[in-house]
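*Asks:* Give the three-dimensional model of this entry:
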Amino acid sequence: MRIGILQTGHSPDEVRDDLGDYGQMFTRLLDGHGYDFTIYSVVDNEFPDGPEAADGWLITGSKHGAYEDHDWIEPLEDLIRAIRDADRPLVGVCFGHQIIAQALGGKVEKFDGGWAVGRQVYDMNGDKIALNAWHQDQVTELPEGARVFASNDFCENAGLMIGDRIMTIQPHPEFTAKMIDALIKYRGRGNISEDILSGAQDGLTQATDAEAFANQMAAILNKGNK
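*Replies:* As a prediction, this is how the structure comes out:
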């Protein structure tokens, strides 16, 4: 089964050789599910021919905002709608969560309440799940037909299902503690308050439920086989 990864940003230069780029983080997260992967760096205007290029699709995180004026945003939104119309499964993470919502009629904004950094706990379909986060932007208006399946007090619309083949999530199951530590060092300092960064570092030793959520992602992507 072929999974197309739409890479919408790059990891910090300082750690890319060690931790990989965003697309590679997802190939590691989903290793063992029997997938073959093709990574398209859409942030660099590298796009697939269309939704039929893969059985299922995944959109990564990014330092960019979904509402920003970049020349690759509009074609990515067109591709998202084409994937939906072709009934191919689609998973979006952080920026991916936001751009899917925006492309399908929702709204994304910079959140007045500030940043979520590091391990966060979400109510997810009646259970508690912990995942690492790194975001200020949030989905503030849902696209038509979307159902919220994950939320917490800070992020009301943290996880969305749109139909039964599109799933989006605001936190980062692909981000390890080592990656959060690197983001704090290379992108957080000077941009995010030290109180938030210090709290995130204190939580780096606590476990997350990334592997369990990867299985939920795979359950959606596997619908490309059906």
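*Asks:* Can you check the pLDDT for the residue nearest the centre of the chain?
*Replies:* Centroid-nearest residue in the chain, with C-alpha atoms, centre = their mean: Val93, separated by 1.2 Å. pLDDT for Val93: 98.
*Asks:* how about it, phi and psi?
*Replies:* Main-chain dihedrals, Val93, degrees, to the nearest 10: phi -120, psi 130.
*Asks:* Could you give the bridge partners of it?
*Replies:* Note on Val93: beta-bridge partners by DSSP bridges are Ile169.
*Asks:* Distance of it relative to Gln216?
*Replies:* Distance, Val93 to Gln216, using C-beta to C-beta, to the nearest Å: 12 Å. The way it works is simple: take the backbone N, C-alpha and C, and place the C-beta from them, glycine included.
*Asks:* hang on, the earlier thing: residues contacting the residue nearest to the centre of the chain?
*Replies:* By C-beta atoms under 8 Å, 6 or more residues apart in numbering, the residues touching Val93 are Phe26, Leu58, Ile59, Thr60, Gly61, Thr168, Ile169, Pro171, His172, Pro173, Glu174.
*Asks:* out of those, which one sits closest to Ala207?
*Replies:* If you rank the contacts of Val93 by distance to Ala207 using C-beta to C-beta, Pro173 comes first, at 12.7 Å.
*Asks:* From Val93, how far off is the closest one?
*Replies:* Distance from Pro173 to Val93, by C-beta to C-beta: 7 Å.
*Asks:* next one: Glu46
*Replies:* Where Val93 is concerned, Glu46 sits at a distance of 19 Å (C-beta to C-beta).
*Asks:* now do Cys155
*Replies:* Between Cys155 and Val93 the computed distance is 13 Å (C-beta to C-beta).
*Asks:* wait, isn't His10 in contact with Val43?
*Replies:* Yes - assessed by C-beta atoms under 8 Å, His10 is found in contact with Val43 at 7.0 Å.
*Asks:* more neighbours, these two?
*Replies:* Val43 (21 against 16; other C-beta atoms under 10 Å).
*Asks:* my guess is that one contacts Trp72, does it?
*Replies:* Yes - the criterion here is C-beta under 8 Å, and Val43 meets it with Trp72 at 6.2 Å.
*Asks:* between the two, what contacts are shared?
*Replies:* Contacts common to Val43 and Trp72, judged by C-beta under 8 Å, 6+ apart, are Thr8.
*Asks:* Show me what secondary structure element comes after the host helix or strand of Phe37.
*Replies:* With elements taken from DSSP states H and E, the one containing Phe37 is strand 36-40. Next along the chain after strand 36-40, taking DSSP H and E as the criterion, comes strand 56-59.
*Asks:* so where's this structure uncertain?
*Replies:* 226 (pLDDT under 70).
*Asks:* which residues of it fall in strands?
*Replies:* 2-6, 36-40, 56-59, 90-93, 107-110, 116-124, 127-135, 137-141, 146-151, 159-162, 166-169 (DSSP state E).
*Asks:* filter the contacts of Val93 to the buried ones?
*Replies:* Phe26, Leu58, Ile59, Thr60, Gly61, Thr168, Ile169, Pro171, His172, Pro173, Glu174 (16 or more other C-beta atoms under 10 Å).
*Asks:* which one of the residues you listed is nearest Asp18?
*Replies:* Closest to Asp18, out of all of the buried ones among the contacts of Val93 and judged by C-beta to C-beta, is Glu174, at 14.9 Å.
*Asks:* give me phi/psi at that closest one?
*Replies:* Per-residue torsions, Glu174: phi -80, psi -10 (degrees, to the nearest 10).
*Asks:* which residues does it contact?
*Replies:* Contacts of Glu174 by C-beta under 8 Å, 6+ apart are Tyr22, Met25, Phe26, Arg28, Leu29, Thr60, Val93, Ala210.
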